[in-house]
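Asks: coordinates only, sequence not included:
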DNA sequence: CAGCACTGTAAAAAAACTGTCACAATAATG
DNA sequence: CATTATTGTGACAGTTTTTTTACAGTGCTG
């Protein structure tokens, strides 16, 4: 059974983005726009994990969190908090809230899915994938290692996240803008052409030994990871 | 058969943390949020060891302890008490309670698992691992000795616990925060950068003879212990 | 109480990584 | 084949992150 994730977020654009991306990640996703709605939905069907915005209309995120922790049947549902930078971070860090993890906006999809995987792994080991293989490429998110044909490959943080994203959606073409959103974060501003440079760096690292380039350039569209399978 | 540990703890965050870590340690783990629930669960299946919070709602830890000691079938189940600093420590120290050991919060995971191993060793010798080998590194938790390629290596207490933790999860990357939680203790407040210094000290001690550094730095993520396997 | 071993912090030094740009190379188009 | 649009690349300056070093404080031991 695929994990069921409830996203509680009032800002519409972000909610849609999360819905879209988590669904693509293979989760069943449901949205709630405020705390009240969230609680109703949770009563209807118990999620496997909740992504919860800190600031919410009607019933605040922290209040939702407390209420869930107070009830036996929801006590063990993992919660990941979404907070803006500097927003009472210390308090969350201390986990007084009872949240299992938190993530500071702006965040990249890669980062969020990594957290979700980590939390789900605690609850339902075996559900969350730690390692992905595509052709001769292997990426291990726990040990942070990338291998090609068994050879270890060193990547910088950005190249690692970039490859991670590609590996999760093999064959699919992404525009520079999509990659920026997914890998850099939804409201980070960097030049679109920067993606080219990082793709270049990723290629260089990947193809030190081989001459077959797993990354395909799609002119006037973007890039994709190809693997003959 | 892997040992079955019952954790009785009302504070949710700590309970989750314990559950997660002990499970990873290879134990079968069950949680109870108060004394009543604990007693019910114990009736259902007799644990090999109980980790019991001193302060509990409904039936207090000490009461649970007394009742277990009063019944023949539970008399010999080892109990490790969890107490806050200064919390009637003397009385526990005297072991009037019948607990086999106690540990004062905040404690590190390393510390707790060491106690659990020690107690289990008394009951079921051979079950608890005293020694771990990874590549050319050996750590012996009973004699508190570390060797590399047979050469004895002296480590300070913190470096020892740090290496211990790494050895228990080889290859895996830990953030500074995770290491602080696991090695220093869940609510000790020290600067995250301090981890760097101790990793540095550990490296220095480990690499006196060799030039191969078993500790890998993962930029913007943390550290991992690597062993060619 | 002096000496020693160990801690945590802070600050300096080193290393790794980023984002941009300018220009080169390549592909598409008519 | 010349032109235009798009992508690749090397250099670089700036930033972030890690490593190293120094130091002051603590607690233990003889």
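Replies: Everything's here; your move. This is a predicted model, so every value here is computed, not measured.
Asks: grab the nearest non-local neighbour of residue A:68.
Replies: residue A:74 (4.2 Å; C-beta to C-beta, 6 or more residues apart in numbering or on different chains). The way it works is simple: take the backbone N, C-alpha and C, and place the C-beta from them, glycine included.
Asks: what does residue A:59 give?
Replies: Closest to residue A:59 by C-beta to C-beta, 6+ apart is residue A:35, at 2.7 Å.
Asks: can you pull the contacts of the one you found?
Replies: Residues in contact with residue A:35 (C-beta atoms under 8 Å, 6 or more residues apart in numbering or on different chains) are A:8, A:56-61, A:63-64.
Asks: can you name the residues bridging to residue A:216?
Replies: residue A:224 (DSSP bridges).
Asks: distance of the closest residue in space to residue A:75 that isn't next to it in sequence relative to residue B:12?
Replies: Distances taken as C-beta to C-beta, 6+ apart place residue A:69 nearest to residue A:75, at 5.9 Å, with adjacent residues excluded. For residue A:69, the distance to residue B:12 equals 6 Å [C-beta to C-beta, to the nearest Å].
Asks: closest to residue A:193 out of the contacts of residue A:35?
Replies: residue A:8 (36.2 Å; C-beta to C-beta).
Asks: let me know the pLDDT of that closest one.
Replies: For residue A:8, the pLDDT comes out at 95.
Asks: likewise residue A:108?
Replies: Reported pLDDT for residue A:108: 86.
Asks: does it touch residue A:184 like I think?
Replies: Yes: Residue A:108 is in contact with residue A:184 according to C-beta atoms under 8 Å; the separation is 5.9 Å.
Asks: now do the strands in chain A.
Replies: Using DSSP state E, the strands found in chain A span residues A:4-8, A:28-32, A:49-53, A:79-84, A:101-105, A:131-134, A:137-140, A:145-148, A:151-153, A:173-174, A:215-218, A:222-225.
Asks: who does the nearest residue to residue A:22 once chain neighbours are set aside form a beta bridge with?
Replies: Once flanking residues are discounted, residue A:22 sits nearest to residue A:29: 4.8 Å by C-beta to C-beta, 6+ apart. Counting by DSSP bridges, residue A:29 is bridged to residue A:5.
Asks: wait, what's in contact with residue A:29?
Replies: Residue A:29 neighbours (C-beta under 8 Å, 6+ apart): A:4-7, A:18-19, A:22-23.
Asks: gap between it and residue A:187?
Replies: Distance, residue A:29 to residue A:187, using C-beta to C-beta: 21 Å.
Asks: return the distance of the closest residue to DNA strand D within chain A relative to residue A:189.
Replies: Nearest residue of chain A to DNA strand D (C-beta to the nearest atom of the strand) works out as residue A:217 at 3.6 Å. The gap separating residue A:217 from residue A:189 is 24 Å, by C-beta to C-beta.
Asks: buried ones in stretch A:209-225?
Replies: Using 16 or more other C-beta atoms under 10 Å in any protein chain shown as the test for burial, stretch A:209-225 gives A:214-215, A:222-225.
Asks: so what touches it?
Replies: Taking C-beta under 8 Å, 6+ apart as the rule, stretch A:209-225 contacts A:134-137, A:148-149, A:151, A:163, A:166-167, A:169-176, A:178-179, A:195, A:199, A:202-203, A:206-207, A:226-227.
Asks: break chain A into its domains for me.
Replies: A:4-123, A:131-225 (automatic domain parsing).
Asks: can you list the low-confidence ranges for chain A?
Replies: Residues of chain A that meet the criterion pLDDT under 70 lie in A:1, A:85-98, A:122-129, A:229.
Asks: that one against DNA strand C: which residues are in contact?
Replies: Applying C-beta under 7 Å from any atom of the strand, we find that chain A lies next to DNA strand C at A:154, A:156-159, A:184, A:188-191, A:193-194, A:197-198, A:219.
Asks: just the buried residues of the residues you listed.
Replies: For the residues of chain A next to DNA strand C, buried by 16+ other C-beta under 10 Å: A:158-159, A:184, A:198.
Asks: can you tell me which of those end up in helices?
Replies: Residues of those located in helices (DSSP state H): A:158-159, A:198.
Asks: would you turn the domains of chain A into JSON lines with distance to residue B:51?
Replies: What follows is those, written out as JSON lines (distance: least, C-beta to C-beta, whole Å):
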{"stretch": "domain A:4-123", "distance to residue B:51": "18"}
{"stretch": "domain A:131-225", "distance to residue B:51": "26"}
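Asks: quick one, which of the ones you listed is nearest to residue B:44?
Replies: The nearest among these, by C-beta to C-beta, is domain A:4-123 at 17.1 Å.
Asks: the closest one close to DNA strand D?
Replies: No: between domain A:4-123 and DNA strand D, judged by C-beta under 7 Å from any atom of the strand, nothing touches; the nearest distance is 12.4 Å.
Asks: off-centre distance for that domain?
Replies: What separates the centre of domain A:4-123 from the centre of its chain is 13 Å, taken as C-alpha atoms, centre = their mean, to the nearest Å.
Asks: just stretch A:199-208 next, same as before
Replies: 23 Å.
Asks: and that stretch, what's buried?
Replies: A:199, A:202-203, A:205-206.
Asks: any idea which of those is closest to residue A:100?
Replies: residue A:202 (31.8 Å).
Asks: correct me, but that closest one touches residue A:164?
Replies: No: using C-beta under 8 Å, residue A:202 is not in contact with residue A:164; the gap is 10.8 Å.
Asks: need the contact list for the residue nearest the centre of chain A.
Replies: Closest to where the C-alpha atoms of chain A average out (C-alpha atoms, centre = their mean) is residue A:113, at 2.3 Å. Residue A:113 makes contacts with A:21-22, A:25, A:168, as judged by C-beta under 8 Å, 6+ apart.
Asks: ok, now how distant is it from residue A:143?
Replies: 17 Å.
Asks: swap in residue A:18?
Replies: In this view, residue A:18 and residue A:143 are 27 Å apart by C-beta to C-beta.
Asks: same drill for the two, tell me which one is more crowded.
Replies: Set residue A:18 next to residue A:143 and count neighbours by other C-beta atoms under 10 Å in any protein chain shown: residue A:18 wins out with 22 against 19.
Asks: spatially nearest residue to the more buried one (excluding sequence neighbours)?
Replies: residue A:7 (4.9 Å).
Asks: stretch A:141-157 near DNA strand D at all?
Replies: No: against DNA strand D, stretch A:141-157 shows no contacts by C-beta under 7 Å from any atom of the strand, the least distance being 7.7 Å.
Asks: what residues of that stretch count as buried?
Replies: Under 16+ other C-beta under 10 Å, the buried positions of stretch A:141-157 are A:141-146, A:148, A:153, A:155.
Asks: got the end-to-end distance for it?
Replies: Its first and final residues considered, stretch A:141-157 spans 12 Å by C-alpha to C-alpha, to the nearest Å.
Asks: do that stretch and chain B meet?
Replies: Yes: Stretch A:141-157 is in contact with chain B by C-beta under 8 Å from any C-beta of the partner chain, via A:142-145, A:156-157.
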